[in-house]
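coords below, sequence missing:
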């Protein structure tokens with residue numbers, strides 16, 4: 001295989017001139033260079049295929065999942081602090097911290113392991129359809145998944161920020 005230096009087109013070894021731009025071609029690639037190029041091309045095709053899968057975990061999803069996990073850990077600490085504060089487990093802070101924890105936990109799970117919620121979705125679909133194992137998530141499911149992750153994160157972090165601000169005021173005696 002020969003690769004055109006001008007336009008990058010792939011040509012057969014028998015060609016002297018590029019099939020696309022008619023530029024003179026150089027020497028053919030060595031078998032090891034050609035094998036490496038095929039591996040790189042197959043990897044790029046695989047990446048493109050994965051990116052259209054609604055259950056594909058992108059770098060953005062990984063970042064959201066890690067942020068959600070950090071927020072859930074902070075909420076868990078806040079739940080413990082609220083449990084030992086005045087009012088204990090009956091306080092509004094404890095309940096809203098628990099809600100923040102659940103929102104951030106589910107956002108993180110959906111961002112990092114979307115197959116779990118898709119399995120639950122298939123169980124719900126099994127009531128209406130036969131052969132649910134053949135059903136694949138569509139584009140709308142992927143959009144809805146991303147929107148739910150973002151919404152749960154916004155709610156979770158808003159509750160977390162509210163609780164931190166409110167507890168700070170309670171402990172400083174500004175109430």
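Okay, I see it. Please read these numbers as outputs of a predicted model, since none were measured by experiment.

not counting residues beside it along the chain, what's closest to residue 117?
The shortest distance from residue 117 to any residue other than its chain neighbours is 5.5 Å, reached at residue 110 (Cβ to Cβ, 6 or more residues apart in numbering). For glycine as for every other residue, the C-beta is placed from the backbone atoms N, C-alpha and C.

quick check, distance from stretch 104-112 to the centre of its chain.
9 Å (Cα atoms, centre = their mean, to the nearest Å).

with stretch 92-112 instead?
Per Cα atoms, centre = their mean, the centroid offset for stretch 92-112 relative to its chain is 18 Å.

in that stretch, which residues are buried?
Of the residues in stretch 92-112, those with enough neighbours to count as buried (16 or more other Cβ atoms under 10 Å) are 93-94, 96-112.

just those residues: which are in helices?
In helices, judged by DSSP state H, the following of those are found: 93-94, 96-112.

against which helices or strands is the lengthiest helix in the chain packed?
Looking across the chain with DSSP H, the single longest helix is helix 139-172. Helices and strands touching helix 139-172, as assessed by 3 or more Cβ pairs under 8 Å, 6 or more residues apart in numbering; DSSP states H and E, comprise helix 59-84, helix 92-112, helix 114-125.

distance-wise, check residue 80 relative to residue 10.
Here the distance between residue 80 and residue 10 works out to 61 Å (Cβ to Cβ, to the nearest Å).

give me the more crowded residue out of those two.
Neighbours were tallied for residue 80 and for residue 10 using other Cβ atoms under 10 Å; the higher tally belongs to residue 10 (15 against 12).

and the more buried one, bridged to which residues?
Judged by DSSP bridges, the bridge partners of residue 10 are residue 3.

so what's it up against?
1, 2, 3 (Cβ atoms under 8 Å, 6 or more residues apart in numbering).

and it, what's its pLDDT?
You'll see residue 10 listed with a pLDDT of 86.

over to residue 107?
Per-residue confidence at residue 107 stands at 95 (pLDDT).

can you pull the contacts of it?
By Cβ under 8 Å, 6+ apart, residue 107 lies in contact with 64, 65, 68, 148, 149, 152, 153, 156.
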